[in-house]
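> what's the 3D shape of this:
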Amino acid sequence: LDLVPERPLGEGSTGTVQLARHRFSGRLYAVKSFSKAWLANGKRGRVLLRYIEREREHLQLLCAQLRGDPAAPLMVRYVCSGQDEHS
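Next up, the predicted model:
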């Protein structure tokens with residue numbers, strides 16, 4: 001993996017967030033992760049999955065709107081999503 005976990009930043013209703021360093025550039029990222037098995041757990045899992053999907057969509061829209069804006073470095077950016085070998 002290109003991101004090396006450094007320390008936990010927090011935990012919420014949909015997963016955990018860890019500080020990770022990019023192996024090659026040294027840049028820091030906040031990485032949110034969650035268990036897909038947990039999200040597949042009935043109605044509650046479907047509700048949380050919709051919440052996560054909306055969060056991703058909002059971050060993508062915010063990132064697109066802030067391109068070139070001087071305030072952009074102060075905002076959270078959506079970089080990508082993916083799966084690990086356990087998903």
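> low-confidence ranges, this protein, go.
Residue ranges of the chain with pLDDT under 70: 1, 68, 70-87.
> helices or strands up against the longest helix anywhere in it?
In the chain, taking DSSP state H as the definition, the longest helix is helix 42-65. In terms of contacts (3 or more Cβ pairs under 8 Å, 6 or more residues apart in numbering; DSSP states H and E), helix 42-65 is packed against helix 36-39. Where C-beta positions appear, they are placed from N, C-alpha and C, glycine not excepted.
> give me the distance from the longest helix of the chain to the chain's centre.
Taking Cα atoms, centre = their mean, to the nearest Å, one finds the center of helix 42-65 at 10 Å from the center of the full chain.
> just the CA coordinates of it, formatted as PDB?
Extracted in PDB, the C-alpha atoms of helix 42-65 (Å, rounded to 0.1, in the frame of the first residue of the first chain):
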ATOM      1  CA  GLY A  42     -30.000  -5.100   7.800                       C
ATOM      2  CA  LYS A  43     -31.800  -1.800   7.800                       C
ATOM      3  CA  ARG A  44     -29.200   0.000  10.000                       C
ATOM      4  CA  GLY A  45     -26.400  -1.000   7.600                       C
ATOM      5  CA  ARG A  46     -28.400   0.300   4.600                       C
ATOM      6  CA  VAL A  47     -29.000   3.600   6.400                       C
ATOM      7  CA  LEU A  48     -25.300   4.000   7.200                       C
ATOM      8  CA  LEU A  49     -24.200   3.000   3.700                       C
ATOM      9  CA  ARG A  50     -26.500   5.800   2.300                       C
ATOM     10  CA  TYR A  51     -24.900   8.200   4.800                       C
ATOM     11  CA  ILE A  52     -21.400   7.200   3.600                       C
ATOM     12  CA  GLU A  53     -22.300   7.500  -0.100                       C
ATOM     13  CA  ARG A  54     -23.800  11.000   0.500                       C
ATOM     14  CA  GLU A  55     -20.600  12.000   2.400                       C
ATOM     15  CA  ARG A  56     -18.500  10.900  -0.500                       C
ATOM     16  CA  GLU A  57     -20.700  12.700  -3.000                       C
ATOM     17  CA  HIS A  58     -20.600  16.000  -1.000                       C
ATOM     18  CA  LEU A  59     -16.800  15.800  -0.700                       C
ATOM     19  CA  GLN A  60     -16.500  15.300  -4.500                       C
ATOM     20  CA  LEU A  61     -18.800  18.300  -5.200                       C
ATOM     21  CA  LEU A  62     -17.000  20.500  -2.700                       C
ATOM     22  CA  CYS A  63     -13.600  19.600  -4.200                       C
ATOM     23  CA  ALA A  64     -14.900  20.400  -7.700                       C
ATOM     24  CA  GLN A  65     -16.400  23.700  -6.600                       C
END
